[in-house]
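Trainee: Quick check, what structure comes out for this input:
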Amino acid sequence: MKLEESKDKFIQSWGALGSSWGINRTMAQIHALLLISPEALSAEDIMEALQISRGNANMNIRALIDWGLVYKELKAGERREFFVAEKDMWTVVRNIITQRKKKELEPMLKVLEEISNVDDNSPEAEEFVQVIREIKLFSNKANSTLDSLVKSDSNWFVGTFMKMIK
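Mentor: Numbering: from 1, shown residues only. I've put the predicted structure just below:
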């Protein structure tokens, strides 16, 4: 497979994978393009490479910056902004976990806390409270585990992961 064909396939595959992290395809494709680019790219470079509009490029670049996956890079004598992806995969994974926790798990924990105190003694209410308590317990354990993972270093994670799959 030729280099350009391989790059295209990577960008398309990473774009499809992006929906698994909770981001849109274009955002993931921009991330993929920046990951494999040997130098920082401008918004215009990104627009041209992916055949997307300026608004789409700018909106998704800003989102990637918010996620901590892309950074601005200044070039002397250039008025345009340039962007580069975080290339340390451990940092990428931690940032994705952190953002997904904020978007998904933390709001759910808040809702579970709110609804866990039901003022009703009926069997149906007791069953409801029990189910919510179980979900809350599991969710809190998941939250703690993810917090530990985010705070850990890559050597600990890889070692623990390898033990789990043996």
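Trainee: which residue ends up closest to the midpoint of this structure in space?
Mentor: By Cα atoms, centre = their mean, the mean C-alpha position of the chain lies nearest to residue 96, the distance being 2.8 Å.
Trainee: Backbone dihedrals for that residue, please?
Mentor: When quoted as degrees, to the nearest 10, the phi and psi of residue 96 stand at phi -70, psi -50.
Trainee: Leaving out sequence neighbours, find the closest residue to it.
Mentor: residue 21 (5.2 Å; Cβ to Cβ, 6 or more residues apart in numbering). Bear in mind the C-beta positions are built from the backbone N, C-alpha and C, glycine included.
Trainee: List the residues that contact that neighbour.
Mentor: Residue 21 sits next to 28, 96, 100 when contact means Cβ atoms under 8 Å, 6 or more residues apart in numbering.
Trainee: Ok, residue 135 next?
Mentor: With Cβ under 8 Å, 6+ apart, residue 135 has these contacts: residue 112.
Trainee: That one falls within a helix, correct?
Mentor: Yes. Membership of residue 135 in a helix is supported by DSSP: H, G, I helix; E, B strand; the rest coil.
Trainee: Domain ranges for this protein, per the record?
Mentor: 3-85, 89-165 (automatic domain parsing).
Trainee: Check the residue nearest to residue 96 and give its pLDDT.
Mentor: Residue 21 carries a pLDDT value of 74.
Trainee: for it, phi and psi?
Mentor: phi -90, psi 0.
Trainee: Okay, it and residue 138: tell me how far apart.
Mentor: Here the criterion is Cβ to Cβ, to the nearest Å. By it, residue 21 lies 21 Å from residue 138.
Trainee: repeat for residue 10
Mentor: 35 Å.
Trainee: of these two, who's got more company?
Mentor: residue 10 (15 against 11; other Cβ atoms under 10 Å).
Trainee: What's the first helix or strand after whichever strand or helix holds the more buried one?
Mentor: Using DSSP states H and E, residue 10 sits in helix 3-21. Using DSSP H and E, the next helix or strand after helix 3-21 towards the C-terminus is helix 25-36.
Trainee: could you say what helices and strands that following helix packs with?
Mentor: helix 3-21, helix 43-50, helix 54-66, strand 70-73, strand 82-85 (3 or more Cβ pairs under 8 Å, 6 or more residues apart in numbering; DSSP states H and E).
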